[in-house]
Structure formats: structure tokens, C-alpha cells
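# Everything below, folded, please.
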Amino acid sequence: MVNLLYTELIKLKRAKMFMVSLLGAVSAPIMMFLALLNMKSKKPETPIEFDVAFMNTNMYVILLVGTLLYGVITAYLFHREYAEDTLKNLLTIPVSRVSLIVSKLILLFLWIMVLTLTIWSLTLILGLIGQFEGLTMALLLQSLKQFVVGGALLFLLCTPTMFITFLFKNYVPTIIFTAMITMANVVLSESEYKALFPWSASYVIANGDFVPQYPPAFSYATILAASIIGLAATIIYFKKVDIH
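This next block holds a predicted model:
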């Protein structure tokens, strides 16, 4: 397992995808920073609060950018061997298919966490540059927790995307799938049903934005169900499929 993870890290180091993903990730805090500055220009007497910057950036990441970006990263990690036609050679060595999936999932989790911390850090830096108000240690710790929880939940929800990638062995269906999820997030973001849709429920949990109509357990359950079903379907399919 350690060797597999090390191999994945070496392959990632040689690729340009990580830098591309960083550029995609930093777009969220930059766009939110510009939006807040625009709002400030229209209402100069109204101060910009750090809690608003952190909350809106995290919402933007979980509901929009993160869903698409992490879906593309998932497709890249799990489709790479198919695209390079090296999977059949990799499976000739004594390594189980489940171990291969687990090693890629570990790398995916680390990747998402690095991007999450980058987004949080840039939000803080831009807020300091823009002289936002209301920064406290309590807010820093709370916002960091919300960002990390949101990233972790989006990681759990990468398993359905992983299954789509294995099933179709192509980037296009995965992109369509994540685009549909993103559109659903937008539609449900102002509805009480956001607590029941796994991807929008991630934001509900991360920011504690629960709705009175549905208890928090419903949001946790829908995320766990989607994650477990996606992982189980992937393992079952990958163990049975013939690699040519």
C-alpha cells in the first residue's frame, strides 16, 4: 500500500494536473474577494466582515467550484491508467485491485485537503489586504473547521464520480455528471431540500445551516449512503471487469 501511494505521488509530481487544480481552487477566494470589493464600492459606509468572506467562499467552493473541480480530479486519478493504457501492466504485479483504489483515494483526500487549506489561506490573506473587519482567533478556528469539514465531505462524495469514471472509462460522462450535480446544488441552495441532497447537504453540515424541516441526521445519512453506495459499486465493478 505504501509503495502504491508513493508511486501515485511520483506520477502526480511529474504531471501538470496539480498546478492546474491549484489555479482552479484559488479562483474561488479571488472571485469572492472581487465581489465583496464591488459591494464595498457601492456601499462605502458598510464594512466587509471576515465571517462573511469565509462563509461565502466556503459556500462557493462546496456548492460550485469544489463539486466540479474535485470531480475532474477524481476522473483524472482513476482514468489515468486507462488513458495511458498501463492498467493491464500494473495489475500483472502482485497488487490487489482494492489496494489500487484505496491508494488513489488516499491521494485524492490529501489533494483535496491541500486545495482546501490553500483556499482558506488565500481567503485570509485577501481579507487582510482588503482590510476586512472582525477577525478573531475564534473566527479563524471556526472557519478553518468549516472549510476542512466541507472538503472532507466532498471527498466522501467523490465515490459516485469514481464509479462513473470506471463505468464509462471517459472524462466526458464524469464532467456531465458533476455539472448536473452543480446545477442541482444551485437549484436547491435556497430550498429546505438542500438538507437531503448529498452535495448541498455538505454545505449544510459544514456551516451548521440545518433546516427545521429535517433533522441533521438526515443530512449525515444521505451523504454516507451516497458515499458507501458509490464505493461499493466501484469495488464490485472493478473486481469483476476484464482489463484489456
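# In contact with G130, which residues?
Neighbouring residues of G130 by C-beta atoms under 8 Å, 6 or more residues apart in numbering: 33, 36-37, 40, 48. The C-beta positions use only the backbone N, C-alpha and C, and glycine is treated the same way.
# And the residue lying farthest from the centre of the chain, how close does it get to A152?
What lies farthest from the middle of the chain is E45; by C-alpha atoms, centre = their mean that is 35.8 Å. Between E45 and A152 the computed distance is 39 Å (C-beta to C-beta, to the nearest Å).
# for I119, same thing?
14 Å.
# Neighbour count for the two, which is higher?
Neighbours around I119 and A152, counted as other C-beta atoms under 10 Å, are more numerous at I119. The numbers are 27 against 17.
# Would you map the helices across this protein?
Counting by DSSP state H, the chain has helices at residues 2-14, 17-42, 50-60, 66-84, 87-90, 97-129, 137-156, 158-168, 171-188, 198-206, 216-240.
# Give the stretch among the ones you listed with the greatest mean number of neighbours.
For these, average neighbour numbers computed from mean count of other C-beta atoms under 10 Å are highest in helix 198-206, which has a mean of 25.
# Any chance you could list what contacts that helix?
So helix 198-206 is contacted by 58-59, 62-63, 67, 146-147, 149-150, 153-154, 157, 181, 184-185, 188-189, 194-195, 209-211, 216, 219-220, 222-223, 225-227 (C-beta under 8 Å, 6+ apart).
# May I ask which helix or strand of the protein has the lowest mean pLDDT?
Every helix and strand of the chain was ranked by mean pLDDT, DSSP states H and E. The lowest is helix 87-90, at a mean of 56.
# among the helices of the chain, where is the model least confident on average?
Sorting the helices of the chain by mean pLDDT places helix 87-90 lowest, at a mean of 56.
# Would you agree T222 is in contact with L196?
Yes - using C-beta atoms under 8 Å, T222 is in contact with L196, at 5.7 Å.
# returning to that earlier point: can you name the residues that contact the residue farthest from the centre of the chain?
Contacts of E45 (C-beta under 8 Å, 6+ apart): none.
# how much space between it and F132?
15 Å.
# same deal with L157?
30 Å.
# same thing with L68?
27 Å.
# Pretty sure T165 sits against F78.
Yes - using C-beta under 8 Å, T165 makes contact with F78 at a distance of 4.7 Å.
# check contacts around the closest residue in space to L68 that isn't next to it in sequence.
Excluding its sequence neighbours, the residue lying closest to L68 (C-beta to C-beta, 6 or more residues apart in numbering) is T178, at 5.2 Å. T178 sits next to 67-68, 71-72, 161 when contact means C-beta under 8 Å, 6+ apart.
# now, which of the residues you listed sits nearest T136?
Comparing the contacts of T178 against T136 with C-beta to C-beta places T67 closest, at 30.2 Å.
# out of everything not next to it in sequence, what's closest to the closest one?
Looking at T67 with C-beta to C-beta, 6+ apart, the closest residue is T182, at 4.9 Å.
# One more: Y76?
Using C-beta to C-beta, 6+ apart, the nearest residue to Y76 is M17, at 5.4 Å.
# quick one: the one you found and F163, what's the gap?
21 Å.
# now do L105
Using C-beta to C-beta, one obtains 12 Å as the distance from L105 to F163.
# now do N170
From N170 to F163 the distance is 13 Å (C-beta to C-beta).
# try I101
11 Å.
# shared neighbours of those two, which are they?
In terms of C-beta under 8 Å, 6+ apart, I101 and F163 are both contacted by the residues T234.
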